[in-house]
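K.L.:
any chance you could fold what I've pasted below:
(chains A, B and C)
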Amino acid sequence: MTSLRIRRGGRAPVPEATQGLVLHSDWQRPSVRWGLGGAQLLLLVLLVVGGLGPILWLAKSAITPTQDTLIKPIAVFPHGVDLSNLSNAWTQVDVGRYLLNTIEIAAGSWLSQIIVSTTGAYALSVLRPKWGSLIMGALLTTLFVPSVVLLVPLYIEVVHPPLIGGSYVNSYWAIWLPAGASAFNVVLMKRFFDNLPREIFEAARIDGAGPLRLFISVVLPMSKPILGVVSIFAVLASWKDFLWPLLVLTDASKQPLSVRLPTIQGQTDLGVFLAAMLIACLVPIVGFLVFQRSFLRGSGLGGALKG
Amino acid sequence: MQLHNRARRSIRMGSAVLAASLVAAATGVASTAAASTPTVSISVASLIPGSTKAAVAEFNAQVKEFEKSNPGIKVSSVQYQWTGPTFAAKLAAGTLPTVFTVPFTDGRSLGENGQLANLTTYAKALPYWNKFNPAVIAEGIDAKHQVIAIPTAAYAQALSYNRQLFQQAGLNPNDPPKTWAQLESDAKQISQKTGMAGYAEMGASDNTAGWILTTLDYALGGRMEQGIGTKARATLANPQAVQALNMLHNMRWNDNSMGSDFNYGWSTINQAFAAGQVGMFISGSDVYTNMVQSYNINPKIYGLAPIPLANNKNAGVLGGGTLAAVSPRASAAQIAAAMKWINFYYMEPLINKTQAIRNARTLVASKQPVGVPALPIFNEAQYKLANSWIKKYINVPLKQMQPFLNGVFKQRLIPEPEASTQYVYGTLDPVVQSVFTDQAANPASLLRAANPTAQSGIQAGK
Amino acid sequence: MAPELEQTDSTFTAATISATRPARARRTPLTWLRAGGISRLLFLAPLILVFGAFSWYPIVRLVLMSFQQTNLVQPATWVGLQNFSEVIHDPLFPIAVRNTLEFAGLALVFGYPIPLIAAVLISEVRRRRGLYSALVYLPVVIPPVVAVLLWKFFYDAAPTGVFNTILGWVGIAPQQWIQSQGQAMPSLVLESTWANAGGTVIIYLAALTGVNPELYEAASVDGAGLWKKLWHVTLPQMRTVMLVTMILQIIGTAQVFLEPYLFTQGGPANSTLTVMLLIYNYAFGNSLGASYGEAAALSLMLVAFLAAFSLIYLRATRAWSSE
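P.N.:
Numbers count the residues shown, from 1 in each chain, chains lettered A, B, ... in the order given. All right, here's what the predicted structure looks like:
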């Protein structure tokens, strides 16, 4: 297993003289200083132009008059700034409502994933029923089945649910509940629980804590890091989801932004449309900048787990 | 093909006597509704997503008015646009509103699959039931002689052109092209003089590309199918289709007069035209409504002409239309209420002089188009007479549409291919796209290669 | 995917064996109750219900549906292998497979080496490493729909399009981008790489941080230079994670849907029609009704292919990945 730690600028430990790929002494050599340093500078430029550029362009164009964006897409405010795009996105396109829908969908999906993964992992890792290995095996099998290929049976199930009847099209439950079925989350959570010190559980048991007390007062408080990681990915995945909400939310007033944007593209003034897209980006970008550490830690963890 | 909910049609009923009797009958329908006691809720297709606030407000006013005269019925509206690739999912999921629209091409097959409500008894009780143009009403009657949809509008394909670009290119805006050769040379002149696309065409993978190719094929005298039903024979590789594609190929690659976007769909080509980026394009004669409702087109630039027809006895203009249909999940009470809505929203303005005038007035007040040319679902004499009722409310540049109005009734109207229409269009999409994106494309062999696919789709009743 | 199976499975078995509860001679419902059977069941209930309803049941349903014909209106009928044969004989099927392979291949060419190089460079940055990481990861948090629609505008084929304007500065003629049969697929891959590479870079960065410094020290003592250390220490240490990111990327790109759906709807002339898009079209694309059976059959074929591919891949690389 690889370490989950990511070194960050500033607080990164200074490696000892001989421990590391590029040593302090290497940096003294002009070939390294110019070659590696140059490559790093080039990378920074590419990241700013390529990675950040499109987003900056979107931000610029969202407040540029449409005609300027159409005729001179690269020019920076040739005829000044036009903030009306943003307000039009709010009033004409009703971005606020779709933003709220997106948040509501993400919140429910998050809750569903947290409940299923924590309780399930707790049962499998701490309570250990006899037939746990059977369930674990069934869980791991689902990792082999990409969720998108279940689109058709899931869709039919939502349209004509067996046993309960009715139709859950246009209901957020049709998104929240299937979101909980993420084997990846359960595995991640279970591995974390597996590594918690057993002695604490025993001590709690001796003190008379039942399974519920143990779960709420001991296991969950000790699991904040992993809860953070799962939460971030749950929210991000829901924010990014497109195909499933497209299929099950056909009522325009219930759709999240990701489904709504392509639908209105053909009917909306370009400037207003770009403003709506910018608004759709802002929440995840701000979230990322605030929780940057958890995001990056979680991403690295994903790879580490898979390794 | 791509049909939206038309706010209003300018197809009007015939003689004053007939109209008067219909007024009486229509009010009769309304008063029985008022008498019905329990509340029934229906949802109805409203405007297409992204319509302007004014258009939406106008629609909501109609709903209010309907509810006022039908106290037992609650109407909720759902934004709706029929497109080939999205309709099936809504149908399967049962999320269509109680009243929705489908194109002529799909009505009968949907009815035969049991996917539309049976409207027979309600439809035959309509006072104007016998007045429909027989060819038009046939689109709403399935093989079991059940009425499964009511025609609400008919269109002929037409050439929309930008008068301003014509002028800038040194062409006479009152003299749109009358032959395909002239269309080609006009397109070339426009793109050379103005830098805009002289002639643009839909090329998206949502059956629109195939729809327009079929239009060209008809105009040159070809047919994409022979026969009807699952026994029909696909004839995609007919000489006129090859000729049409060669013409497009020439405009695209030699004249370079088709601009740079070859992925337009029904909405986006309207958007580009309204933005002044397109000299000419082919779509239904009523697209002006959408250009106003969604894109605030400048009326001065708009011109409408009939499609040039080749000198061939089979040449004709492709026509189609919209059907209003009711969800198969609707209860009897809902079907009855739905029929009242269809009568009120789609039909009454066509048959009732008072209603037509009041309607025109509200449309004008909310700056919605009145008087956009369409084809009569009854007949031409009535169409012309009825237009006189609302003459003073017409706010579309009718004079600029005169070339179309003068020409269209002399043209032979040919319905869309009967068997598996949308599937056949879908098969043609990549053929058109190949011609637009591959200079070495060979139209004849592309069509020959697509033919078996179309044939198997027809046989499978897709 | 599969490495988890192995590792977690083994940890689980170990955990089960080391369970502290004493084995009981006889189990009756009463002993089960006393041993906390109910609470175990209650804690497992959400997992079992949710996975049962939204994962296990649909998997079974998928298999059944692939042998059935249904339009959700009339009752389903068994049709044997007909769905599979119809898919295989569909002229679009080989096109979709070829396009999907092309997407996956191009995504490897663009998307595989770049994150590795970027990660190595970033891991040796001496100042502002956080800035690099943030910039690298930023596109990953953009909603994919926004990214695609934004790039669709960049790919405008008119000379005034964003990319064409930039090409114009260096004297290159306007390109057709997604409106050309040849350029459409690379254009899709380019956007997809932009949107996804950041996640891979972060995984590599975590792996690079985990390389034991003593290995570098030992190499330095042996007189190894920078390149030698990169070749003999860094890359071998990264091998496992590199193999895993590769298969994850292949599995991910085999399911590509969003890009062709939003950029091109599979056009022009089917040049970007992928397997997932074909599945979608079978199920939802025909306005008169769905071919759910064909959609299920093709889905099943995709799952079978990916599972077989993963197993072969793991077997083939096992020797190489475990040091």
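K.L.:
what's the burial count for the residue of the stretch 201-307 of chain A found nearest chain B?
P.N.:
Nearest residue of the stretch 201-307 of chain A to chain B: residue A:267, at 2.4 Å (CB to the nearest CB). Every residue, glycine included, has its C-beta placed from N, CA and C. Residue A:267 has 23 neighbours, counted by other CB atoms under 10 Å in any protein chain shown.
K.L.:
same check, this time on residue B:121
P.N.:
Applying the criterion other CB under 10 Å, we find 12 residues in the vicinity of residue B:121.
K.L.:
ok so it is a strand residue?
P.N.:
No: secondary structure of residue B:121 (DSSP: H, G, I helix; E, B strand; the rest coil): helix, not part of a strand.
K.L.:
contacts only, for it.
P.N.:
Taking CB atoms under 8 Å, 6 or more residues apart in numbering or on different chains, we find residue B:121 in contact with no residue.
K.L.:
and it, how far from chain C?
P.N.:
Counting by CB to the nearest CB, to the nearest Å, the gap from residue B:121 to chain C is 22 Å.
K.L.:
where does that residue land on pLDDT?
P.N.:
pLDDT recorded at residue B:121 is 94.
K.L.:
give the contact list for residue 276.
P.N.:
Answering for chain A, as no chain was given. Applying CB under 8 Å, 6+ apart to residue A:276 gives the contacts A:89, A:93, A:95, A:257, A:261, A:264, A:268.
K.L.:
to clarify, I was referring to chain C.
P.N.:
By CB under 8 Å, 6+ apart, the contact list for residue C:276 reads A:148, C:100, C:255-257, C:302.
K.L.:
hang on, the earlier thing: isn't the residue of the stretch 201-307 of chain A closest to chain B right up against residue B:55?
P.N.:
No: the pair residue A:267 / residue B:55 is not scored as a contact, 10.9 Å apart, by CB atoms under 8 Å.
K.L.:
if we can go back for a sec, neighbour-wise, give me the winner out of the contacts of residue A:276.
P.N.:
Using other CB under 10 Å as the neighbour test, those are led by residue A:257, with 27 neighbours.
K.L.:
chain B contacts on the stretch 101-250 of chain C?
P.N.:
Residues of the stretch 101-250 of chain C found near chain B (CB under 8 Å from any CB of the partner chain) are C:156-159, C:161, C:174, C:176, C:178-181.
K.L.:
mind redoing it with 7 Å?
P.N.:
Contacts of the stretch 101-250 of chain C with chain B, taken as CB under 7 Å from any CB of the partner chain, map to C:157-158, C:179-181.
K.L.:
how about CSV for the residues you listed, with pLDDT and distance to residue C:43 added?
P.N.:
Below are those laid out as CSV (pLDDT from 0 to 100; distance: CB to CB, whole Å):
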residue, pLDDT, distance to residue C:43
C:157, 89, 57
C:158, 86, 60
C:179, 92, 55
C:180, 92, 56
C:181, 93, 55
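K.L.:
ok, and the most crowded of those residues?
P.N.:
Using other CB under 10 Å as the neighbour test, these are led by residue C:179, with 23 neighbours.
K.L.:
just the helices in the stretch 51-200 of chain C please.
P.N.:
In the stretch 51-200 of chain C, the helices defined using DSSP state H, counting those that start in this stretch lie at C:57-65, C:82-89, C:92-111, C:113-123, C:129-141, C:144-154, C:162-169, C:184-209.
K.L.:
again, but for the stretch 51-200 of chain A
P.N.:
With DSSP H, counting those that start in this stretch as the criterion, the stretch 51-200 of chain A has helices at A:53-62, A:66-71, A:84-91, A:95-122, A:132-142, A:151-159, A:173-180, A:183-194, A:198-206.
K.L.:
can you list the low-confidence ranges for the stretch 201-307 of chain A?
P.N.:
The model of the stretch 201-307 of chain A has pLDDT under 70 over residues A:301-307.
K.L.:
that older thread, quick check: the residue of the stretch 201-307 of chain A closest to chain B touching residue B:49?
P.N.:
Yes: Residue A:267 is within contact range of residue B:49, at 6.2 Å (criterion: CB atoms under 7 Å).
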